[in-house]
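> coords please:
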Amino acid sequence: MFDEREKIVLLIDGANLYATSKALGFDIDYKQLLKTFQKRGYLLRAYYYTALIEDQEYSSIRPLIDWLDYNGYTVVTKPAKEFTDAAGRRKVKGNMDIELAVDAMELAPSVDHFVLFSGDGDFRKLVEALQRKGKRVTVVSTTKSQPPMIADELRRQADFYLDIQSLQNEVGRDDPDGDEA
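Sure thing, here's the model as predicted:
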């Protein structure tokens, strides 16, 4: 699946990876995640994408974002948008798909293998475009949760599919909330 001579980039859809690991009942050890992929090839960069609610005094994701930023990750954020839906419920929207896709296409000339941490079917076209440029794409998500966290079309398009549960011993920590899926 991996060739140690390959230049690898990790593209992490933060919200999707968080939901996937929670569904499986473990947290990601991001330091170990870097080490795991540094062993598999030449890791050029690891990107972490997430939206932030700007007007909150404290955001539970802020300590993670700061830690990632100081420990080898390129963190890409944007303000989440808050709105009220037709039923009067407060909703937060913060999709980072375009940012991730644009970065991937810009990086393509200097990368051999992309590792996409997301199960979002919207990324199928991105994977296809990268493959047309001669790039290999591994998608990391899970089919072990109910419902599965990966869209079937994304899994079929990827060169390789890696179930995050198979990496749990390398990159997982027990969920401190004790939420077992």
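
> which residues of this protein fall in strands?
Secondary structure of the chain, counting by DSSP state E: strands at 7-13, 26-28, 42-52, 73-79, 81-84, 90-93, 113-117, 136-141, 160-163, 172-174.

> What is the least confident helix or strand in this structure?
strand 90-93 (a mean of 76; mean pLDDT, DSSP states H and E).

> So which bits of stretch 2-17 are buried?
Neighbour counts over stretch 2-17 (16 or more other CB atoms under 10 Å) mark 2, 6, 8, 9, 10, 11, 12, 13, 14, 15, 16, 17 as buried. C-beta coordinates here come from the backbone N, C-alpha and C atoms, glycine included.

> next one: stretch 84-98
By 16+ other CB under 10 Å, the buried positions in stretch 84-98 come out as 94, 95, 96.

> Test my guess that the second one contacts residue 51.
Going back to what we said before, that points to residue 95. Yes - look at residue 95 against residue 51 with CB atoms under 8 Å: they come within range, at 7.2 Å.

> which residues does the closest residue to residue 46 other than its chain neighbours contact?
Closest residue in space to residue 46, ignoring its immediate chain neighbours: residue 10 at 4.0 Å, by CB to CB, 6 or more residues apart in numbering. Contact analysis of residue 10 by CB atoms under 8 Å, 6 or more residues apart in numbering lists 33, 37, 43, 45, 46, 47, 115, 117.

> for residue 10, which residues make a bridge with it?
Applying DSSP bridges to residue 10 gives these bridge partners: residue 46, residue 115.

> any idea how far residue 126 is from it?
Distance, residue 10 to residue 126, using CB to CB, to the nearest Å: 15 Å.

> likewise residue 30?
Taken as CB to CB, the span from residue 30 to residue 126 is 23 Å.

> Compare those two and say which one has the larger neighbour count.
residue 126 (23 against 20; other CB atoms under 10 Å).

> Nearest residue to that one in space, ignoring adjacent ones along the chain?
That would be residue 101: by CB to CB, 6+ apart, it lies 4.7 Å from residue 126.

> now swap in residue 27 and tell me
That would be residue 173: by CB to CB, 6+ apart, it lies 4.6 Å from residue 27.

> before we move on, what about residue 162?
residue 140 (4.7 Å).

> how about that neighbour, what does it touch?
Here residue 140 is in contact with 115, 116, 117, 118, 162, 163, 164, 167 (CB under 8 Å, 6+ apart).

> got any ranges where the chain has weak pLDDT?
55-58, 175-181 (pLDDT under 70).

> Report the contact partners of the residue sitting nearest the centre point of it.
For the chain, the residue nearest the mean C-alpha position is residue 12 (2.3 Å; CA atoms, centre = their mean). Counting by CB under 8 Å, 6+ apart, residue 12 touches 46, 47, 48, 49, 117, 118.

> That'll do, ta.
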